[in-house]
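Student: build the 3D model from these lines:
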Amino acid sequence: MQKYFNRELSWVKFNARVLDQSTKEDLPLLERLKFLAIYGVNLDEFYMIRVAGLKKLYNKGISKVGDDGMSPIQQLDAIEKMLRRQKKDLEKSFFHLKNLLSQENLFILNYDELNQEDQAKSKDYFIHNLYPMIVPVVIDAIHPFPHFNNLSFGLVIKMQNIKNPQEISFALIRIPRFFPRFVEVRDGVFVTCESIVGEFANLIFEGFKILNWCPFRITRNADFEIQEEEADDFIELLSEGLKARRRGEIVRLQVGRNQDESLLEFLMSHLPKVDVYRYDLPLNLGALWQIVSHPNFAHLLHPYFVPKLPDFLSEEGNLFELLREQDVILFHPYESFDPVVRFIQRASKDPDVLSIKMTLYRVGKNSPIVQALIEAAAHKQVNVLVELKARFDEENNLEWVRALEEAGAHVIYGASGLKVHAKIALILRREQDRIKGYVHVGSGNYNIKSAKTYTDVSLLSSREDLISDAIKFFHALSAGLAKKTCLQSIYMAPAQIKPKILALIDGEREKGEQGKIIMKMNALVDSEIVDALYRASQEGVKIWLIVRGICTLRPRVEGLSSNIRVISLLGRYLEHARIYFFGHGGLYVASADMMPRNLQRRIELLIPIKNPIDSQNLLNFLELQLEDSKGAYELMECGEYQQILGDGFDSQEECQKLNFKEA
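Tutor: Next up is the predicted model:
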């Protein structure tokens, strides 16, 4: 029996748990539809990066196996089998939800399911919106098969020459991405864009009879490597990489429902050998967000939750004065992210603030935090590290880099050979005859949108030990020395976090049955960490792991991991916090998961929580999650997950009620 589960198959099982949420009858209907959208977006990224990477290894003839013993081709075969089984569950869930939504007067339809009035509206929409912008291409000797960018969407058409019925030809229609995926022809009636285009394709190809058509969608390898050490201009190199992403090797072809095999044969004759998935449901499930977020159907979602704002953090209060007296721990999204935003905004306006230093990974568009930095750059020292290698956020981050530099900020694009994933902001303020520091560190990004849906932890402090380490951290980034830098109170990857975690695990192992470990993270993959946990389990240490996604550790194996329990928690909020508790070693909040990339190839931070009340509150939070019997699944020895059934205790719902400052 292998000691480790395969990381890719573990991820596919995680996405299956996401899909399973769409079947929960106690969830509001659009919450269930939301999980289908999340499933689709997740799978797109998995194919673009992980499956594409495995295909690349296989095509290069690399058969090397990992810790789990599976070669690239074995992984690819296993992934495809699992995804084809999931496809059946996916289609079943979609059509069931479609029927339930229709009972709420929300319809997701194809053109041929519309009444005459709605068909007329669809034709009007086609003529005035789609017809001028779509791109028809007849494939012949002088019109070759065109290039389709990654995740491009279109139709393949089979048609017959009316004057010469023996002449059968094929054509493509490219549908620009800026069109809504679903056309709302009247309140609550959404029609798939492709079914409208397919219906009126005869208006495009005059002189031809449309015999059949079907939609298709192409997925390309979206991973690209940047040889930073060879770059004279990193931004130019990154821009070229982004262009290359659109031209990456095709790895997946998705096709919609059709009755004519020749349509697929035509596509396959012009594409390399790829994985083909046929769907009866609309392609691009991520576009279901358009319907999920429709304001007229908010009653089919969870009631809006207003994050708590502790009284002592009111908008009128002096945050700097408060932080001189105490640390502040915030549990997002149950507690508001506004104090973190105000922390930066007030610093940008405060005449006594001399400097703002910050790391930015994923901040989103229209960020008030970045806007505050831009305003501050005119009259303060503003040093910002914008991680340009944050996957799928590169273009957005490039825009922020240009805006910040134009405003006068000093911008660092990243660290050579490493991703900067740490989340930290440092404010230096003139107070009397010295400079006083204030710091924010946390597990989540400086993104006000995700702060409402991701569970994360923030620490605001003016502790001298943290300030000293924060100053050294930013100096190391500016000087290009981060790879080997060690801090005093905070632990920094790649040099410090893994050795510290291993030492903390071993410290509990030495306590035997008196030892206790609770680790909450997004992923557990690092084999040395897994082995250390195995050794601790064998000495009687009780270990609870809350791992949302990938977990390669095999729990509950007699003689190996019988004292280890692993749960995955899903629900209304994305469990994103990284919290590590050791019964005899203290409690820590981190930006890092237990993965080789985080521990060895990224700049991350692990922060000890020294205030006993804050530490106890965080421990209470972890133990609350371990009691969950609503969105929790337990990982079994065989590698399958079983939903924990009990009294339906929902830890996320309980956290919405909880006053953490009185816990």
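
Student: state which strand of the protein is the longest.
Tutor: The residue-count maximum for a strand in the chain (DSSP state E) belongs to strand 208-220.

Student: for this protein, what helix or strand is lowest in average pLDDT?
Tutor: Across the helices and strands of the chain, mean pLDDT, DSSP states H and E gives its lowest value to helix 234-246, namely a mean of 56.

Student: please name the nearest non-neighbouring residue to the residue lying farthest from the centre of the chain.
Tutor: Distance from the C-alpha centroid of the chain, by C-alpha atoms, centre = their mean, peaks at residue 163 (53.0 Å). Nearest residue to residue 163 in three dimensions, chain neighbours excluded: residue 207, at 6.9 Å (C-beta to C-beta, 6 or more residues apart in numbering). Backbone N, C-alpha and C define where each C-beta goes, glycine included.

Student: list the buried residues in the strand or helix carrying residue 87.
Tutor: Using DSSP states H and E, residue 87 falls within helix 72-102. For helix 72-102, the neighbour count (16 or more other C-beta atoms under 10 Å) marks 72, 74-76, 79, 82-83, 86, 90, 93-94, 97-98, 101 as buried.

Student: what's the closest of the residues you listed to residue 41?
Tutor: Residue 41 lies nearest to residue 90 out of the buried residues of helix 72-102, by C-beta to C-beta, at 13.2 Å.

Student: for the nearest residue to the closest one once chain neighbours are set aside, the count of nearby residues, please.
Tutor: Nearest non-adjacent residue to residue 90, counting by C-beta to C-beta, 6+ apart: residue 19, 6.1 Å away. Counted with other C-beta atoms under 10 Å, the burial measure for residue 19 works out to 20 neighbours.

Student: with residue 647 instead?
Tutor: Look at residue 647: counted by other C-beta under 10 Å, it has 7 neighbours.

Student: what of residue 121?
Tutor: Close neighbours of residue 121, defined as other C-beta under 10 Å, add up to 18.

Student: show me what residue 564 bridges to in the sheet.
Tutor: Residue 564 has the following beta-bridge partners by DSSP bridges: residue 543.

Student: now do the one 10 residues further on
Tutor: Judged by DSSP bridges, the bridge partners of residue 574 are residue 454.

Student: how about the contacts made by residue 368?
Tutor: Neighbouring residues of residue 368 by C-beta atoms under 8 Å, 6 or more residues apart in numbering: 341, 345, 448.

Student: adding pLDDT, write these out as JSON lines.
Tutor: Below are the contacts of residue 368 laid out as JSON lines (pLDDT from 0 to 100):
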{"residue": "341", "pLDDT": "96"}
{"residue": "345", "pLDDT": "96"}
{"residue": "448", "pLDDT": "94"}
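
Student: now, which of these sits nearest residue 528?
Tutor: So of the contacts of residue 368, ranked by how close each gets to residue 528 (C-beta to C-beta), first place is residue 448, at 36.5 Å.

Student: what about the stretch 301-450 of the chain, any weak spots by pLDDT?
Tutor: Scanning the stretch 301-450 of the chain for pLDDT under 70 picks out no residues.

Student: can you list the residue ranges for strands in it?
Tutor: Assigned by DSSP state E, counting those that start in this stretch, the strands in the stretch 301-450 of the chain fall at 328-332, 353-360, 381-386, 410-412, 419-420, 424-431, 434-442.

Student: okay, these in JSON lines with distance to residue 595 next?
Tutor: Supplementary listing: the strands of the stretch 301-450 of the chain in JSON lines, determined by distance: least, C-beta to C-beta, whole Å:
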{"stretch": "strand 328-332", "distance to residue 595": "22"}
{"stretch": "strand 353-360", "distance to residue 595": "19"}
{"stretch": "strand 381-386", "distance to residue 595": "21"}
{"stretch": "strand 410-412", "distance to residue 595": "24"}
{"stretch": "strand 419-420", "distance to residue 595": "12"}
{"stretch": "strand 424-431", "distance to residue 595": "20"}
{"stretch": "strand 434-442", "distance to residue 595": "19"}
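
Student: so for residue 555, which of those strands sits nearest?
Tutor: Closest approach to residue 555 among the strands of the stretch 301-450 of the chain (C-beta to C-beta): strand 328-332, 27.0 Å.

Student: now the closest one and strand 434-442, what's the angle there?
Tutor: Using axes from the mean of the first three to the mean of the last three C-alpha atoms, to 10 degrees, the direction of strand 328-332 lies 30 degrees away from that of strand 434-442.

Student: strand 328-332: partners in the sheet, and parallel or antiparallel?
Tutor: Here strand 328-332 has these sheet partners by DSSP bridges: strand 454-461 (antiparallel).

Student: next one: the helix or strand just after the partner strand to chain centre, how far?
Tutor: Following strand 454-461 in sequence order, the next helix or strand is helix 464-479 (DSSP H and E). From the chain centre to the centre of helix 464-479 is a distance of 29 Å (C-alpha atoms, centre = their mean, to the nearest Å).

Student: can you give me the mean pLDDT across helix 464-479?
Tutor: The average pLDDT for helix 464-479 rounds to 96.

Student: packing partners for it?
Tutor: Here helix 464-479 touches strand 353-360, strand 381-386, strand 424-431, strand 434-442, strand 602-608, going by 3 or more C-beta pairs under 8 Å, 6 or more residues apart in numbering; DSSP states H and E.

Student: where does the prediction get shaky in the stretch 151-300 of the chain?
Tutor: Using pLDDT under 70, the stretch 151-300 of the chain drops low at 224-247.

Student: how does this structure divide into domains?
Tutor: Listed by automatic domain parsing, the domain ranges of the chain are 1-104, 112-273, 311-484, 491-662.

Student: mind putting the ones you listed in a markdown table, distance to residue 281 included?
Tutor: Compiled in a markdown table, the domains of the chain are given as follows (distance: least, C-beta to C-beta, whole Å):
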| stretch | distance to residue 281 |
| --- | --- |
| domain 1-104 | 5 |
| domain 112-273 | 8 |
| domain 311-484 | 24 |
| domain 491-662 | 22 |
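
Student: thinking again about what came up before, got JSON lines for the strands of the stretch 301-450 of the chain, with distance to residue 318 and mean neighbour count too?
Tutor: Below are these laid out as JSON lines (distance: least, C-beta to C-beta, whole Å; neighbours: other C-beta atoms under 10 Å):
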{"stretch": "strand 328-332", "distance to residue 318": "13", "mean neighbour count": "23"}
{"stretch": "strand 353-360", "distance to residue 318": "13", "mean neighbour count": "22"}
{"stretch": "strand 381-386", "distance to residue 318": "22", "mean neighbour count": "22"}
{"stretch": "strand 410-412", "distance to residue 318": "28", "mean neighbour count": "17"}
{"stretch": "strand 419-420", "distance to residue 318": "31", "mean neighbour count": "22"}
{"stretch": "strand 424-431", "distance to residue 318": "12", "mean neighbour count": "21"}
{"stretch": "strand 434-442", "distance to residue 318": "12", "mean neighbour count": "21"}
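
Student: residue 34: which of those is closest?
Tutor: For residue 34, the closest of these is strand 328-332, at 19.4 Å, according to C-beta to C-beta.
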